[in-house]
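Enquirer: What shape does this take:
(chains A, B, C, D, E and F)
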Protein chains: 4
Amino acid sequence: MINIDARSSKPIFEQVVDKIKESIIIGGLKPGEKMPSIRELSKMLTINPNTVSKAYAELERQRLIETISGKGTFVSANYKPKVDEDRLQKLLGVLRDAVIEAHYMGIDKNKITEIINGIYNDIER
Amino acid sequence: MINIDARSSKPIFEQVVDKIKESIIIGGLKPGEKMPSIRELSKMLTINPNTVSKAYAELERQRLIETISGKGTFVSANYKPKVDEDRLQKLLGVLRDAVIEAHYMGIDKNKITEIINGIYNDIER
Amino acid sequence: MINIDARSSKPIFEQVVDKIKESIIIGGLKPGEKMPSIRELSKMLTINPNTVSKAYAELERQRLIETISGKGTFVSANYKPKVDEDRLQKLLGVLRDAVIEAHYMGIDKNKITEIINGIYNDIER
Amino acid sequence: MINIDARSSKPIFEQVVDKIKESIIIGGLKPGEKMPSIRELSKMLTINPNTVSKAYAELERQRLIETISGKGTFVSANYKPKVDEDRLQKLLGVLRDAVIEAHYMGIDKNKITEIINGIYNDIER
DNA sequence: GTGGTCTAGACCACA
DNA sequence: GTGGTCTAGACCACA
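Expert: As a prediction, the model looks like this:
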């Protein structure tokens, strides 16, 4: 289930994008499966259809979902990982900042490793 | 040295905050050491003094630096890690999103662990 | 043979129109030849009959095919090129946009000329 | 100058994108130069700011322009052509369709070559 | 029913 | 002043 945190500084459309990406990994949404329509999802999340539309557009750009004209939106059946250099640099930056942030919270390397392991346990089966 | 990327989507004041936090960990800035004044740093980075001011305010809020009126700003000599629940949750969220993002780039758990190790090697001595 | 890409942003009926126009040029469909019925073609392509109907209507409007009531639909035997001003302007616009797009992909005039030649080799005999 | 054709089937935001791409090639907009702000351009074209915003977002995605937080949007100083396979296939498809369309308008290979030459004369100096 | 586009209007953080 | 996000509401082509 997708739950939106309106107080978060992360934009709503981005929360939707991230939650859907997570759902696909966890298996809640399966390759080829039909996504809820923009109108349906906007009602489920009580957010504006335009916001869902923006999230879907971003997911389509990343090739995670595909739109079939007049029929709806579907989880891509054949996603291929892409090694975009810019995205990689951004990821490295985010991880670096996270490690620094953790340090000032008293979280050391061992605890970070534990956390990462926990995330993988949570996501993979 | 601090280098700012004006084209980044990360706000400049946040870049300054993060770079200074990194400097303190790496040891470029030492506990008790005097920080450059707002005017000095704004000239060094060719950014607006208000932006530096905002960064310093944030660092002070986090107790990483201290301003002694009439004397200047100093790296805190006795920083104590704080485990604010909100900050912790945010960190967990960032790491989770990073792992998901990595997954779609074809970066698996082993590579993430390598990357984390690399960051610690880079930061700690 | 006609292959339809449901994921394409080009509407299916337009794909059908374009493929048939191409078939006629290449010679797969000859002047005077009987076209498959709407129902037949819709089954062959596994698309909605309404969609084929729309495509046929467009082709008939362009005088490329003719329906003889009770007998079926036929490739026009005596097509005469028309230089509709609107269509010409549209074509010029499309070509201009294509050249601009090519430019930003690092494709120069010589390569464009090669590509155009390749298309004519592919289409004409 | 950018002029919008409201009756065109090409979406307004796409017309803006294409016109700006053309302007950059022709030299009306130079690398590093400041773009009109979203509000300014929306007034100039008498279209909604959101529409301009969408166009700018697309141009930024294509790395043709860059946003500097709080300062505005600028033409990228160091654009590097990208050879995205999907974009290339789309370009080939567009050119193929254009050639077919031209054929039915009585425009042959020689005339197409003339037209292409004309476009390059118009665009390059 | 489906997604795509557009307008009008508002709010916000950043510099 | 600048761009980014979001809502409300409308219209449209496609299947």
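
Enquirer: what residues are up against the spatially most central residue of chain A?
Expert: By C-alpha atoms, centre = their mean, chain A has its centre lying nearest to residue A:18, at 1.8 Å. Residues in contact with residue A:18 (C-beta atoms under 8 Å, 6 or more residues apart in numbering or on different chains) are A:10, B:97, B:100. Quick note: C-beta positions are derived from backbone N, CA and C, even for glycine.

Enquirer: Drop anything exposed from the residues you listed.
Expert: Among those, those classed as buried by 16 or more other C-beta atoms under 10 Å in any protein chain shown are B:97, B:100.

Enquirer: Return the residues of chain A in contact with chain C.
Expert: A:66, A:67, A:68, A:69, A:71 (C-beta under 8 Å from any C-beta of the partner chain).

Enquirer: Now do the last one, the pLDDT please.
Expert: In other words, residue A:71. According to the prediction, residue A:71 has pLDDT 96.

Enquirer: How about it, nearest residue that isn't a chain neighbour?
Expert: Closest residue in space to residue A:71, ignoring its immediate chain neighbours: residue C:6 at 7.6 Å, by C-beta to C-beta, 6 or more residues apart in numbering or on different chains.

Enquirer: and that neighbour, what does it touch?
Expert: Applying C-beta under 8 Å, 6+ apart, the residues contacting residue C:6 are A:68, A:69, A:71, C:12.

Enquirer: and of these, the nearest to DNA strand F?
Expert: Closest approach between the contacts of residue C:6 and DNA strand F, by C-beta to the nearest atom of the strand: residue C:12, at 3.0 Å.

Enquirer: where does the closest residue to that closest one other than its chain neighbours fall, helix, sheet strand or coil?
Expert: Spatial nearest neighbour of residue C:12, excluding adjacent residues (C-beta to C-beta, 6+ apart): residue C:51 at 5.3 Å. When classified by DSSP: H, G, I helix; E, B strand; the rest coil, residue C:51 comes out as helix.

Enquirer: Same check on residue A:67?
Expert: Per three-state DSSP, residue A:67 ends up strand.

Enquirer: Please list all residues in contact with it.
Expert: A:56, A:60, A:73, A:74, C:7 are the contacts of residue A:67 under C-beta under 8 Å, 6+ apart.

Enquirer: Most neighbours among those, which one?
Expert: residue A:56 (22 neighbours; other C-beta atoms under 10 Å in any protein chain shown).

Enquirer: Would you quantify the distance from the closest residue in space to that one that isn't next to it in sequence to residue A:67?
Expert: With sequence-adjacent residues excluded and distances taken as C-beta to C-beta, 6+ apart, residue A:56 is closest to residue A:73, at 5.9 Å. The gap separating residue A:73 from residue A:67 is 5 Å, by C-beta to C-beta, to the nearest Å.

Enquirer: Need the residues touching each of the two.
Expert: What both residue A:73 and residue A:67 touch, as defined by C-beta under 8 Å, 6+ apart, is the set A:56, A:60.

Enquirer: where does chain A dip in pLDDT?
Expert: A:125 (pLDDT under 70).

Enquirer: Can you pull the domain assignment for chain A?
Expert: Domains of chain A are assigned by automatic domain parsing as A:12-75, A:85-123.

Enquirer: now do the same end-to-end measure for the first one.
Expert: When you say that, I think you mean domain A:12-75. 20 Å (C-alpha to C-alpha, to the nearest Å).

Enquirer: and chain A, which of its residues are near chain D?
Expert: Residues of chain A lying near chain D (C-beta under 8 Å from any C-beta): residue A:61.

Enquirer: mind listing the helices for chain A?
Expert: Assigned helices in chain A, in chain order: A:12-26, A:38-45, A:49-61, A:85-104, A:109-123 (criterion: DSSP state H).

Enquirer: between the ones you listed, which gets nearest to residue C:88?
Expert: Minimum separation from residue C:88 across the helices of chain A (C-beta to C-beta) falls at helix A:49-61, 33.4 Å.

Enquirer: about what we covered before: for the residue nearest to residue C:12, which residues are in contact?
Expert: C:12, C:13, C:16, C:42.

Enquirer: and the residues you listed, which are buried?
Expert: Looking at the contacts of residue C:51 with 16+ other C-beta under 10 Å, the buried ones turn out to be C:12, C:13, C:16, C:42.

Enquirer: Spatially, which residue comes closest to residue A:82, not counting chain neighbours?
Expert: residue B:105 (6.6 Å).

Enquirer: and that neighbour, how many neighbours does it have?
Expert: Residue B:105, neighbours per other C-beta under 10 Å, totals 16.

Enquirer: Same check on residue A:104?
Expert: 18.

Enquirer: I figured it was touching residue B:83, is that so?
Expert: No: Residue A:104 is beyond contact range of residue B:83, at 10.2 Å (criterion: C-beta atoms under 8 Å).

Enquirer: Who are the contact partners of residue A:2?
Expert: A:15, A:16, A:19, A:20, A:23, A:41, A:44, A:45.

Enquirer: As JSON lines, these with distance to residue C:124 would be great.
Expert: Shown next, in JSON lines, are those (distance: C-beta to C-beta, whole Å):
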{"residue": "A:15", "distance to residue C:124": "54"}
{"residue": "A:16", "distance to residue C:124": "50"}
{"residue": "A:19", "distance to residue C:124": "52"}
{"residue": "A:20", "distance to residue C:124": "47"}
{"residue": "A:23", "distance to residue C:124": "50"}
{"residue": "A:41", "distance to residue C:124": "49"}
{"residue": "A:44", "distance to residue C:124": "54"}
{"residue": "A:45", "distance to residue C:124": "54"}
